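Undergrad: I would like the atomic coordinates for the input below:
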Amino acid sequence: MHSVAILVLDGVVPFDMAAPLQVFDWTRLPDGRHPYRVRLCAERPEVLADGGFTLRVDRGLEALADADTVIVPGRAEGAPPPSAAVLAALRRAAGAGTRIASVCVGAFVLAEAGLLDGLRATTHWVAAADLARAFPRVDVQPDVLYVDNGQILTSAGAAAALDMCLHMIRRDLGSAVAANAARMSVMPLEREGGQAQFIVHEHPPVPRGSDLEPLLDWIEDNLAHEVTLAAMAARAGMSERTFSRRFREQTGTTPLQWLLRARVRRAQYLLENSDYTVERIAQQSGFGSPTAFRERFRKVVGTTPYAYRSTFNGRRTAAAVRSER
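TA: Model prediction:
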């Protein structure tokens, strides 16, 4: 039997803990046996969870020494940093070859222990920039559901933890067992796209009083039309070279990258809130042809317009769905 230890720290988010607990507990072999034994462990017998209630845990950090897999759930903002004892226990487990995985911002604990140095990793997209800034030796991937480095795995939000756990089950026991676990969890064995489809593509902030503000408003009002670098520079009364430099200085990005984000945001809004066809959305967002729209949308968002609408718009018509395929 494969032993799974879920390491519960102060401020633990219950749903982040429940997701792996559920999927491993529901996994069955073809003969009905349970292949996984899941245990909660913590540094102390009582742990304060996010929401203000207390969890009683019957196993201490010694459980990490005999576990085959250790999972670190996410914790609430403002939770105390992991103790030296917790970090040391994680390092010992990693040194012994134990598989270690994190859920959501649990990746910060693994990074603090030094287990992500030189590796690709992910976390919830909202926290990805903070993870990259705090731990520059970690190659943060903000647009994926999970990252498997072999021994060390990281996942995005709690739902992505289910994807990661199903992936581990498939690695351990094969696709048939993993598919059955997915059915018990009422989710597909594989989901299209990564967490990029959930990222809110905000425009880079523009300093208050910037001379670019009227230009950016004009771009937003004219997304359905062709907007070139030359047209933007002319409207700003600058040469293209000077305009591009000034734009990057004030926004941190190029004019054309800003324009692409604006088009994607317009398309996302229309996919979420209308039954317009892909052809109409491509036109109103300024992508031109539906083919160009699909290609660029997928590059930025990580999934197709059809899949995005299926996830975020519950009012699409049958005609609109057929047009997107």
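Undergrad: Please tell me the pLDDT value assigned to A134.
TA: Per-residue confidence (pLDDT) for A134: 95.
Undergrad: show me what contacts it?
TA: When contacts are counted by CB atoms under 8 Å, 6 or more residues apart in numbering, A134 touches F108, A111. No exception for glycine: its C-beta is placed from N, CA and C like everyone else's.
Undergrad: mind listing the helices for the stretch 201-325 of the chain?
TA: According to DSSP state H, counting those that start in this stretch, the stretch 201-325 of the chain carries its helices in the segments 213-221, 229-236, 240-251, 255-273, 278-285, 290-301, 305-312, 318-324.
Undergrad: Nearest approach to L64 belongs to which of the ones you listed?
TA: helix 305-312 (36.4 Å; CB to CB).
Undergrad: right, so of the helices of the stretch 201-325 of the chain, which gets closest to P45?
TA: It's helix 305-312; of those, that one is closest to P45 (CB to CB) at 41.1 Å.
Undergrad: So which elements touch the closest one?
TA: Applying 3 or more CB pairs under 8 Å, 6 or more residues apart in numbering; DSSP states H and E, one finds that helix 305-312 contacts helix 255-273, helix 278-285, helix 290-301, helix 318-324.
Undergrad: about what we covered before: which stretch among the helices of the stretch 201-325 of the chain approaches Q22 most closely?
TA: Distance to Q22, taken as CB to CB, is lowest for helix 305-312 among these, at 21.7 Å.
Undergrad: buried residues in that closest one?
TA: P305, Y306, A307, Y308, R309, S310, T311 (16 or more other CB atoms under 10 Å).
Undergrad: And the third one, what's its pLDDT?
TA: This means A307. Reported pLDDT for A307: 79.
Undergrad: Give me the distance between it and Q283.
TA: From A307 across to Q283, the span is 21 Å (CB to CB, to the nearest Å).
Undergrad: what does the fifth one give?
TA: In this view, R309 and Q283 are 16 Å apart by CB to CB.
Undergrad: need the helices of the stretch 201-325 of the chain in CSV with distance to L64, can you?
TA: Output for the helices of the stretch 201-325 of the chain, formatted as CSV (distance: least, CB to CB, whole Å):
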stretch, distance to L64
helix 213-221, 51
helix 229-236, 55
helix 240-251, 46
helix 255-273, 42
helix 278-285, 50
helix 290-301, 38
helix 305-312, 36
helix 318-324, 47
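Undergrad: quick one, which of these is nearest to D50?
TA: Taking CB to CB, helix 305-312 is the member of those nearest to D50, at 26.0 Å.
Undergrad: which residues does S285 contact?
TA: L223, A224, R263, V264, R266, A267, L270, F293.
Undergrad: and what of D221?
TA: Neighbouring residues of D221 by CB under 8 Å, 6+ apart: there are none.
Undergrad: Just the pLDDT at it, thanks.
TA: pLDDT, read off for D221, is 88.
Undergrad: re the thing from before, which single one of the contacts of S285 is nearest to A233?
TA: L223 (17.8 Å).
Undergrad: Quick check: the gap between the closest one and P80.
TA: According to CB to CB, L223 and P80 sit 46 Å apart.
Undergrad: The two - which one has more neighbours?
TA: L223 (17 against 10; other CB atoms under 10 Å).
Undergrad: ok, and the closest non-adjacent residue to that one?
TA: Residue nearest to L223 in three dimensions, not counting chain neighbours: G286, with 4.5 Å by CB to CB, 6 or more residues apart in numbering.
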